[in-house]
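Colleague: Here is a sequence with its predicted model. Questions after.
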Amino acid sequence: MDRARREVSGTKEPGAASADAAPVPGPGRVPGQGESGRATAVRLALMAVPLSFFGLFFAYPVAAIVGRGLKTDTGWQFGRFGEVLARPDIADVLWFTTWQALASTVLTLLIALPGAYVFARFEFPGKQLLRAVVTVPFVLPTVVVGTAFLALLGRGGLLDETAGVRLDTTVWAILLAHVFFNYAVIVRTVGGLWAQLDPRQEEAARVLGAGRFAAWRKVTLPALAPAVAAASLMVFLFTFSSFGVVLILGGPAYSTLEVEVYRQTAQLLDLSTAAVLTMVQFAAIGAILALHAWTVRRRETALRLVDPGRTTHRPRGWAQRTLLGGVLLTVGLLIVAPLAVLVERSFDAPGGYGLGFYRALQDAGAGGGTFLVPPLEAIWNSLQYALAATAIALVIGGLAAAALTRRGGRFVRGFDAMLMLPLGVSAVTVGFGFLITLDQPPLDLRTSWILVPLAQALVGVPFVVRTMLPVLRAIDGRLREAAAVLGASPLRAWREVDLPLVRRALLIAAGFAFAVSLGEFGATVFIARPDRPTLPVAVARLLGRAGELNYGQAMALSTILMLVCAVSLLVLERLRPDKTSGEF
């Protein structure tokens, strides 16, 4: 899964209507009665378009790849599972994928939990800007993350020049890049809930004789545990399916399932092995998402939540000031330093510092035949694709979120889980599946520009749903019922009641969908046309060719992409409500 895979988990805002609360009976509704036939019909109608979209552009390509790999003229070859999984090289891939994801998750927790506390409890100058800074890595393409750490830890990087130490092609570079990438998941998900926990409960435990650590362990930690578990599972999900980071920093020695699927399809054309690995990854991701859904439901149990403005204060005493300083130092070394080195390398041209690498982006021949068009055109291509993908994701995700506003049975929970699958299922498989399925009328899209936005929208939809759903569920259902009593149709009730209340959430969802679409790499690397490359694809191609000019241009394009993502995050921070709710 390319990074572009990011979770927006929900804890209800103080004072917001609980989605679990019993609805106020409207005209003709008996308390405790299930959905009316009309409500069920409306829900199914809302689900129809997202189900069709995911069936055609997600399930169909993935099933086609599996079918091509496991089905022959004599039938299904399920024996390939045993043959492939018994291979020592595949066993090594499975082992490395699992243990590096566990190590990345534990390391991210250890480093990010102090940051979650600082953002939850302390007020200090520049807090809003710093919140945006720590979130920038989360929406950066994994290709850019790999490039940034290559500039810091790789051959000729800052660490190599100053200390003679290289960490690229080592597992430490991968682990540090994963922490860099997922730091915001812990800080914003756990910190968002931490900011709403009433500190008087812990203070009461201390009054009764508990020490500071004992009070935290017995009162605060149990309340935070579901949020910590949910965030940890998302970090594990992202690192388990890591692609761009491992591809760039791991070298030939390290390979996750996602990287191995890419190698088996793009380089070795071994579809049977790729199909087996895809199904293994699918099963693992399904189990992780099911466990994550359970932890999220546990988070929605009753907690005594308060306005975050009542729980924050200026750091008091040397211990709190030291903690704040330590977190600021961590953010500086772990997040700001790689990005700063990336920018510095983009200006370090052969003739001295300047815009040499940026000027070279205007010349198609500067990359040694890497592109059919000037690399600079990748910027315009990416913006066009991302805008189209955002529009698609808002339509599909908005309909899905509206359908999920009222909780339902297993079918509804299954529909919700389906929307999350693109975050974990191999984007490489989806991209390659596009090539072999969408090649015949009426869906011969291989030469159409819309193919790339369709693949990018698959990754954007989960962010739209997870951003809008908590807000939609917090809307008092009596407002819709009052509109219905006054004769408004469901469409008009949505337009007059829901839309004004969710407008800000809609803009935030659009911003996240745009950012993750801009950085999608796993599927796009297969389907982007040579004359219309995207920014992540252009960066990967430049890094794949030797030469200082190619390396410098990759740094320049990565810097441009980083700046676009950073501006998007700063805009989202301005749109973000003052009251945090445990969401991105």
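Modeller: Arrived safely, thanks for sending. Numbers count the residues shown, from 1 in each chain.

Colleague: residues of the longest helix belonging to the chain that come out buried?
Modeller: In the chain, taking DSSP state H as the definition, the longest helix is helix 88-121. For helix 88-121, the neighbour count (16 or more other Cβ atoms under 10 Å) marks 90, 93-94, 96-97, 100-101, 104-105, 107-109, 111-121 as buried. Where C-beta positions appear, they are placed from N, C-alpha and C, glycine not excepted.

Colleague: T330 and F238, how far apart?
Modeller: Using Cβ to Cβ, to the nearest Å, T330 is found at 20 Å from F238.

Colleague: higher neighbour count, those two?
Modeller: Using other Cβ atoms under 10 Å as the criterion, T330 and F238 rank with F238 on top: 29 against 18.

Colleague: For the more buried one, give me the pLDDT.
Modeller: We have a pLDDT of 85 for F238.

Colleague: same deal with L208?
Modeller: pLDDT recorded at L208 is 72.

Colleague: roughly how far apart are it and R121?
Modeller: Applying Cβ to Cβ, the value for L208 to R121 is 22 Å.

Colleague: which strands and helices sit next to the longest helix of the chain?
Modeller: Applying 3 or more Cβ pairs under 8 Å, 6 or more residues apart in numbering; DSSP states H and E, we find helix 88-121 packed against helix 79-85, helix 127-139, helix 171-194, helix 221-240, helix 257-262, helix 271-299, helix 317-331.

Colleague: how far off helix 127-139 does that helix point, in degrees?
Modeller: 170 degrees (axes from the mean of the first three to the mean of the last three Cα atoms, to 10 degrees).

Colleague: so helix 88-121 versus helix 317-331, what angle?
Modeller: Angle of helix 88-121 versus helix 317-331, following the same axes, to 10 degrees, is 140 degrees.

Colleague: what about helix 88-121, distance to the chain center?
Modeller: 15 Å (Cα atoms, centre = their mean, to the nearest Å).

Colleague: Now do it, average pLDDT.
Modeller: Regarding helix 88-121, the rounded mean pLDDT is 92.

Colleague: What of stretch 184-203?
Modeller: 79.

Colleague: now the end-to-end length of it.
Modeller: End-to-end span of stretch 184-203 (Cα to Cα, to the nearest Å): 28 Å.

Colleague: Could you report the neighbour count for A337?
Modeller: For A337, using other Cβ under 10 Å, the count is 15.

Colleague: Quick check: which element contains it?
Modeller: Per DSSP states H and E, A337 falls inside helix 337-347.

Colleague: so who does A214 touch?
Modeller: A205 (Cβ atoms under 8 Å, 6 or more residues apart in numbering).

Colleague: at 10 Å instead, please
Modeller: A214 sits next to A205, R206 when contact means Cβ atoms under 10 Å, 6 or more residues apart in numbering.

Colleague: same question for the strand or helix carrying it, mean pLDDT?
Modeller: Assigned by DSSP H and E, A214 belongs to helix 212-215. When pLDDT is averaged over helix 212-215, the result is 71.

Colleague: what distance separates it from the middle of the whole chain?
Modeller: 34 Å.

Colleague: residues of that helix that come out buried?
Modeller: Neighbour-count burial for helix 212-215 flags A215 (criterion: 16+ other Cβ under 10 Å).

Colleague: Can you classify T169 by secondary structure?
Modeller: Per DSSP: H, G, I helix; E, B strand; the rest coil, the local secondary structure of T169 is coil.

Colleague: from what I can see it touches G146, true?
Modeller: No - T169 is not in contact with G146 according to Cβ atoms under 10 Å; the separation is 11.8 Å.

Colleague: and the longest helix of the chain with helix 271-299, angle?
Modeller: Here helix 88-121 points in a direction 30 degrees away from that of helix 271-299 (the same axes, to 10 degrees).

Colleague: on that earlier part again, shared neighbours, T169 and G146?
Modeller: Common neighbours of T169 and G146, using Cβ under 10 Å, 6+ apart, are G154, L249, G250.

Colleague: So which residues of the stretch 401-550 of the chain form strands?
Modeller: 439-440, 443-444 (DSSP state E, counting those that start in this stretch).

Colleague: Adjacent strands (with direction) for the last one?
Modeller: When pairs are called by DSSP bridges, strand 443-444 turns out to pair with strand 439-440 (antiparallel).

Colleague: what's the offset of stretch 68-82 from the middle of its chain?
Modeller: 33 Å.

Colleague: That one: end-to-end distance?
Modeller: Terminal residues of stretch 68-82 are spaced 18 Å apart (Cα to Cα).

Colleague: which residues sit against it?
Modeller: 66-67, 83-84, 264-265, 270-280, 429, 432-433, 436-437.

Colleague: Just the buried ones from those, in ChimeraX syntax?
Modeller: A single ChimeraX command selects the buried members of these (16+ other Cβ under 10 Å):
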select :66,84,264,265,271,272,273,274,275,276,277,278,279,280,429,432,433,437
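
Colleague: mind listing what A275 touches?
Modeller: 62, 64-71, 77, 80-81, 84, 261, 264-265, 429.

Colleague: Now with 8 Å, please.
Modeller: For A275, the contact set (Cβ under 8 Å, 6+ apart) comprises I65, V66, G67, R68, G69, L70, R80.

Colleague: so how far is G286 from the last one?
Modeller: When distance is defined by Cβ to Cβ, R80 is 20 Å away from G286.

Colleague: Tell me how many other residues crowd V185.
Modeller: Neighbours of V185 under the rule other Cβ under 10 Å: 26.

Colleague: That one touches T135, doesn't it?
Modeller: No - taking contacts as Cβ atoms under 8 Å, V185 lies outside contact range of T135: 9.5 Å.

Colleague: picking that back up, could the contacts of A275 go into a markdown table alongside distance to T40 and pLDDT?
Modeller: Rendered in a markdown table, the data for these read as follows (distance: Cβ to Cβ, whole Å; pLDDT from 0 to 100):
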| residue | distance to T40 | pLDDT |
| --- | --- | --- |
| I65 | 35 | 80 |
| V66 | 33 | 81 |
| G67 | 34 | 81 |
| R68 | 38 | 77 |
| G69 | 39 | 77 |
| L70 | 38 | 80 |
| R80 | 42 | 80 |
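
Colleague: Mind checking which of those residues are buried?
Modeller: Those of the contacts of A275 that meet the buried threshold are I65, V66, R68, G69, L70, R80, by 16+ other Cβ under 10 Å.

Colleague: Pull the number of nearby residues for L542.
Modeller: For L542, the neighbour count with other Cβ under 10 Å is 28.

Colleague: so the closest residue to it other than its chain neighbours is in which element?
Modeller: Nearest residue to L542, sequence neighbours excluded (Cβ to Cβ, 6 or more residues apart in numbering): A554, at 3.9 Å. Assigned by DSSP H and E, A554 falls within helix 548-575.
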